[in-house]
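quick check, what structure comes out for this input:
(one chain, ligands or ions: 1)
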Amino acid sequence: MIVCVCNRITESEVREAARVGCSTAEAAYACQDCEVQCGCCLDFAQELIDEERGKRSHLRLVTAEAA
Ligand code: FES
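As a prediction, the model looks like this:
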């Protein structure tokens, strides 16, 4: 699945970057020798990174508190 259309960065590439230590989308893209272009993908990329790094995303926290 493509996460970043501008740079053609896939979900697996974002997750791999997170596993090697990238904590932001910008850092993950830099691992692919890319830079953020339009920025439309940043929220989703960050969710993937947070998930991969074992952090709970804001959406999950809101959902859990509402339950
Ligand atoms: S879709 Fe990722 S920078 Fe545009």
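
residue numbers of the protein in contact with the ligand?
Proximity of the chain to the ligand, by CB under 6 Å from any ligand atom, involves residues 4-7, 36-41. No exception for glycine: its C-beta is placed from N, CA and C like everyone else's.

again, 5 Å this time
Contact residues (CB under 5 Å from any ligand atom) of the chain with the ligand: 4-6, 36-38, 40-41.

lowest mean pLDDT among the helices and strands, pick that one out for this structure.
Using mean pLDDT, DSSP states H and E, helix 58-66 stands out as the lowest-scoring helix or strand of the chain, at a mean of 58.

which parts of the chain are strands?
For the chain, the strands defined by DSSP state E occupy 2-4, 9-10.

any idea which of the ones you listed is most buried?
Stretch with highest mean neighbour count among the strands of the chain: strand 2-4 (a mean of 20; mean count of other CB atoms under 10 Å).

pLDDT of it, averaged?
Average pLDDT, strand 2-4: 98.

run through who's touching that strand.
8-11, 13-14, 29, 34, 37, 41, 44-45, 48 (CB atoms under 8 Å, 6 or more residues apart in numbering).
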